[in-house]
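J.: fold the stuff below for me.
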Amino acid sequence: MARKEMDNITASEIAGFGVGTLLLCATIAAPKIDALFSASQRSSLGMCKRCGNLERIACSRCRGTGSVREGGVFGINFVEDLYETLGSKSLGKQIPCVKCQAKGYFACPDCSKP
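T.: Predicted coordinates:
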């Protein structure tokens, strides 16, 4: 019976699933690949690999803004993220980031070594 159901899938649909999977994997891997190339370029220029001689790195929770949205599942609201990406004002209440104490950054651990 399962064989009969598989006869309905065409080669184009299988190729579409393959391309979709490839695009999803590339989207997930893009930030890691970007970080790898950035670190390599900074190193070749004699700069700090982490911060590029800025002596600070952005907070991973607030992404350098110093504030986060209140609510949402684990603080994430995809609709509001979309509005912010498109340049619209945030729909939710903003509260100070607790992780970075509303500064938006931390001192670079590589540059601040004695």
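J.: tell me which element the spatially most central residue of the chain falls in.
T.: Geometric centre of the chain, nearest residue: Pro31, 6.2 Å, by CA atoms, centre = their mean. Taking DSSP states H and E as the criterion, the element that holds Pro31 is helix 11-44.
J.: so how far is that helix from its chain's centroid?
T.: In terms of CA atoms, centre = their mean, to the nearest Å, the gap separating the centre of helix 11-44 from the centre of its chain is 13 Å.
J.: which helices and strands does that helix pack with?
T.: When contacts are defined as 3 or more CB pairs under 8 Å, 6 or more residues apart in numbering; DSSP states H and E, helix 11-44 sits against none of the other helices and strands. Every C-beta, even on glycine, is put in place using the N, C-alpha and C of the backbone.
J.: and the chain, split by domain according to the record?
T.: Listed domain ranges for the chain are 1-46, 51-114 (source: automatic domain parsing).
J.: just name the most buried of the ones you listed.
T.: A comparison of the domains of the chain by mean neighbour count, using mean count of other CB atoms under 10 Å, puts domain 51-114 on top with a mean of 13.
J.: sorry, back to before: and the residue nearest to the centre of the chain, how far from Leu54?
T.: When distances are taken as CB to CB, to the nearest Å, Pro31 and Leu54 turn out to be 19 Å apart.
J.: let me see the mean pLDDT of stretch 24-32.
T.: Along stretch 24-32, the predicted local confidence has a mean pLDDT of 92.
J.: now stretch 59-71
T.: Stretch 59-71 shows a mean pLDDT of 82.
J.: swap in stretch 39-53?
T.: For stretch 39-53, the per-residue pLDDT averages 88.
J.: compute the first-to-last residue distance for it.
T.: End-to-end distance of stretch 39-53 (CA to CA, to the nearest Å): 12 Å.
J.: centre of the chain to it, how far?
T.: Taking CA atoms, centre = their mean, the mean C-alpha location of stretch 39-53 is offset from the chain mean by 20 Å.
J.: identify the residues contacting that stretch?
T.: Outside of stretch 39-53, the residues that reach it under the criterion CB atoms under 8 Å, 6 or more residues apart in numbering are 38, 54-55, 57, 108-111.
J.: can you do 7 Å?
T.: 57, 108, 110-111 (CB atoms under 7 Å, 6 or more residues apart in numbering).
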